[in-house]
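I would like to see how this sequence folds:
(chains A and B)
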Amino acid sequence: MRSAAADSRTSFLLDKLHSLSGVIPIGAYLAEHFFENSYALVSPAKYNYVASKLETVPWRLPLEILLIWAPIAFHACYGLRIWWSGKQNATSHPWMANWMYLLQRWTGVLAFLFIGYHVWTVRFLSHGKTTYADIAQTMADARFAALYAVGVLAASFHLGNGLWNFACKWGLAVTARSQRAAGWFGALTAIAFSVAGLAILAGFRFHWTPFDSYLP
Amino acid sequence: MAEKTFIVRIKRQQRPDEPARWEEFELRHRPHMNVITCLRDIAERPTTRDGRELTPVSYEANCLEEVCGACAMIINGQPRQACSALVDNLEKPIRIEPLTKFPLVRDLVVDRSKMFQDLKRTKAWIPIDGSYDLGPGPRMSPATQEAGYPLSRCITCGNCLEICPKVNEDTQFVGAAIVSQVRLFNMHPTGAMHAAERLDALMGPGGIADCDNAQNCVKVCPKNIPLTESLADVNGQVLRHAIKTWFHGRD
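Predicted structure coming up:
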């Protein structure tokens, strides 16, 4: 009896941690990541300066593991478990939220595969040092630019729709009206992240620096 | 003038372990027909279009006015009540199948006792019996009565379970109807005395954590119960209950 109660707590706790980890720290990190990379839109020199600053933060590896890699690994593993435990029916019952349910699973897997590739190449193959020229070289190839665009859009959608899910699953948005509002908030978040992410990619690909007037 | 007729296709199965087959019946059209009258007409003359004489189709129905929940079946792909499915509003030929998330008994009859078991598991009732007179219960405010009434309209038909991606053989998810009943009884001043037990049950396997917000349930509820509001509300209740019991212990 006692062990059954412990089991039940575990599954509930894991489920809540799954939705929480998507917002903090993963969602928060995505915001930080897009923000820091936006320095590419100021100038290559500014980007390289910010990148080298980030590459030399104290406690870098433990921070990366605790705040980024472990939460993403947990979120992805538990997310796959959630996917397997559901039998989608969006094709025969094409309601909006039902499509969102299906897309949330597909974008989650796409984003995770992309993040795996992204971390492997930019964090490990580069030995933790990446310059503007490295990324610009990758983006010069249209196939890699397209791959990055897919990753950006999948992650942005997953975060925006996930915020709506979070609001419902944590009982923050209860009435139909507040759930709609949370849905709009999620949609706007997804759009904002998509625009910022694609702008950064365009910056690297076309050496586009729209914010260079900020420089003295 | 030729008599107006229409075709009804029914997915039938003699026994749970036998393969299902589709059978076609041609029925005479009369005004104001619903799917139950179709099934009655078939029972009167259970002969298929190709002339085979069969046993009548087994089905469940009771109130014929959408308050008992017995005649839930899949009509043209949607789980709904057969009594309120009017033939004139349905695309022809009409396709009728049994619900798929419950064990099949025969033809359109399924065993929905899972829902009753889950109502018991979540203590979805208000205990008023004692070994002595418990006296009158606490007063209920009109605002609470008004909030509870739409939830009390649940007829346990099972449509919301049928349409839910997370109600399947791999999960034990109780489904939106049961979660909504927990909300109803936790709202009631006497029922609230047992709120912790209901929330404990929903914290367990098959509980509220299984809901992944596909929000199909609310689309197929014949009683227009705000199921997605109930799910979000109970999500919050279980979470607050969990945090309270983990950090403060039980009262």
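
Quickly find the element holding the residue nearest the centre of chain A.
Nearest to the geometric centre of chain A sits residue A:155, at 4.1 Å (Cα atoms, centre = their mean). With secondary structure defined by DSSP states H and E, residue A:155 is part of helix A:142-169.

Residue A:149: what's it in contact with?
A:198, A:201 (Cβ atoms under 8 Å, 6 or more residues apart in numbering or on different chains). Where you see a C-beta, it was placed from the backbone N, CA and C, and this is true even at glycine.

how close does it get to chain B?
Shown here: residue A:149 relative to chain B, a distance of 27 Å by Cβ to the nearest Cβ, to the nearest Å.

got the residues of chain B near chain A?
B:77-78, B:163, B:165-166, B:168, B:170-171, B:203-205, B:207-216, B:219, B:226, B:228-229, B:231-240, B:242 (Cβ under 8 Å from any Cβ of the partner chain).

quick one: low-confidence parts of the chain?
Let's take chain A. A:1-8 (pLDDT under 70).

wait, I meant chain B there
Ranges of chain B meeting pLDDT under 70: B:1-2, B:251.

Which stretches in it count as strands?
Taking DSSP state E, the strands of chain B run over residues B:5-12, B:21-28, B:72-75, B:78-81, B:94-97, B:104-106, B:109-110.

Deepest-packed of these, please.
Highest mean neighbour count of the strands of chain B: strand B:72-75, a mean of 24 (counted as mean count of other Cβ atoms under 10 Å in any protein chain shown).

Parallel or antiparallel, list what pairs with that strand.
Here strand B:72-75 is paired, per DSSP bridges, with strand B:78-81 (antiparallel), strand B:94-97 (antiparallel).

sorry, back to before: now list the buried members of the residues of chain B next to chain A.
Buried by 16 or more other Cβ atoms under 10 Å in any protein chain shown: B:163, B:165-166, B:171, B:203-205, B:207-216, B:219, B:226, B:228-229, B:231-239, B:242, out of these.

which residues touch the closest residue to the residue nearest to the centre of chain A other than its chain neighbours?
Nearest non-adjacent residue to residue A:155, counting by Cβ to Cβ, 6 or more residues apart in numbering or on different chains: residue A:111, 4.3 Å away. Neighbouring residues of residue A:111 by Cβ under 8 Å, 6+ apart: A:151, A:154-155, A:158.

Quick check: of those, which lies closest to chain B?
residue A:158 (13.6 Å; Cβ to the nearest Cβ).

Verify the contact between the closest one and residue A:105 for me.
No - with contact taken as Cβ atoms under 8 Å, residue A:158 and residue A:105 are classed as non-touching, separated by 9.4 Å.

which one of those two has more residues nearby?
residue A:158 (29 against 20; other Cβ atoms under 10 Å in any protein chain shown).

Any idea how far apart the tips of stretch B:109-116 sit?
16 Å (Cα to Cα, to the nearest Å).

Check which residues of it are buried.
Counting neighbours by 16+ other Cβ under 10 Å, one finds that the buried residues in stretch B:109-116 are B:109-110, B:112, B:114-115.

For residue B:211, grab phi and psi.
phi -70, psi 130 (degrees, to the nearest 10).

give me the number of residues near residue B:84?
15.

Without its sequence neighbours, what residue ends up closest to it?
residue B:66 (4.6 Å).

measure the one you found to chain A for me?
21 Å.

show me what contacts the residue nearest to residue B:182 when sequence neighbours are not counted?
Nearest residue to residue B:182, sequence neighbours excluded (Cβ to Cβ, 6+ apart): residue B:198, at 4.7 Å. Residue B:198 is in contact with B:122-124, B:182, B:185-186, counting by Cβ under 8 Å, 6+ apart.

Among those, which ones are in helices?
Those of these mapping onto helices are B:182, B:185-186, per DSSP state H.

counting residues per helix, which one in chain A is longest?
Identified as the longest helix of chain A according to DSSP H is helix A:176-206.

That one versus helix A:142-169: what angle between them?
Interaxial angle, helix A:176-206 versus helix A:142-169 (axes from the mean of the first three to the mean of the last three Cα atoms, to 10 degrees): 160 degrees.

and helix A:176-206 with chain B, contact?
Yes - using Cβ under 8 Å from any Cβ, we find that helix A:176-206 touches chain B at A:176, A:179.

Can you point out the buried residues in that helix?
A:179, A:182-183, A:186, A:189-190, A:193-194, A:196-197, A:199-205.

So which of the residues of chain B next to chain A are in helices?
Using DSSP H, those in helices are B:163, B:203, B:219, B:228-229, B:231-240, B:242.

So which of the ones in helices among the contacts of residue B:198 wins on neighbours?
Most neighbours among these, by other Cβ under 10 Å: residue B:182, with 29 neighbours.

Excluding chain neighbours, what is closest to the residue of chain A at minimum distance from chain B?
Residue nearest to chain B within chain A: residue A:171 (1.9 Å; Cβ to the nearest Cβ). Excluding the flanking residues, the one nearest residue A:171 by Cβ to Cβ, 6+ apart is residue B:236, at 1.9 Å.

Show me the strands in chain A, by range?
Taking DSSP E, chain A contains no strands at all.

Flag every residue of it that's near chain B.
Counting by Cβ under 8 Å from any Cβ, chain A comes close to chain B at A:4-5, A:7-9, A:11-13, A:15-16, A:82, A:84-90, A:92-93, A:95, A:97-98, A:100-101, A:164-165, A:167-176, A:179.

can I get the CA coordinates of stretch B:145-159 in PDB?
Only the C-alpha atoms of stretch B:145-159 are listed here, as PDB (Å, rounded to 0.1, in the frame of the first residue of the first chain):
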ATOM      1  CA  GLN B 145     -25.000  26.000  -6.700                       C
ATOM      2  CA  GLU B 146     -24.800  27.800 -10.000                       C
ATOM      3  CA  ALA B 147     -21.200  26.700 -10.600                       C
ATOM      4  CA  GLY B 148     -22.000  23.100  -9.800                       C
ATOM      5  CA  TYR B 149     -25.100  22.700 -11.800                       C
ATOM      6  CA  PRO B 150     -23.500  22.400 -15.300                       C
ATOM      7  CA  LEU B 151     -21.100  19.800 -13.900                       C
ATOM      8  CA  SER B 152     -24.000  17.900 -12.300                       C
ATOM      9  CA  ARG B 153     -25.500  17.300 -15.800                       C
ATOM     10  CA  CYS B 154     -22.900  14.600 -16.600                       C
ATOM     11  CA  ILE B 155     -24.600  11.500 -17.900                       C
ATOM     12  CA  THR B 156     -21.500   9.200 -17.800                       C
ATOM     13  CA  CYS B 157     -22.000   8.400 -21.500                       C
ATOM     14  CA  GLY B 158     -18.300   8.000 -22.100                       C
ATOM     15  CA  ASN B 159     -18.000  10.200 -25.200                       C
END
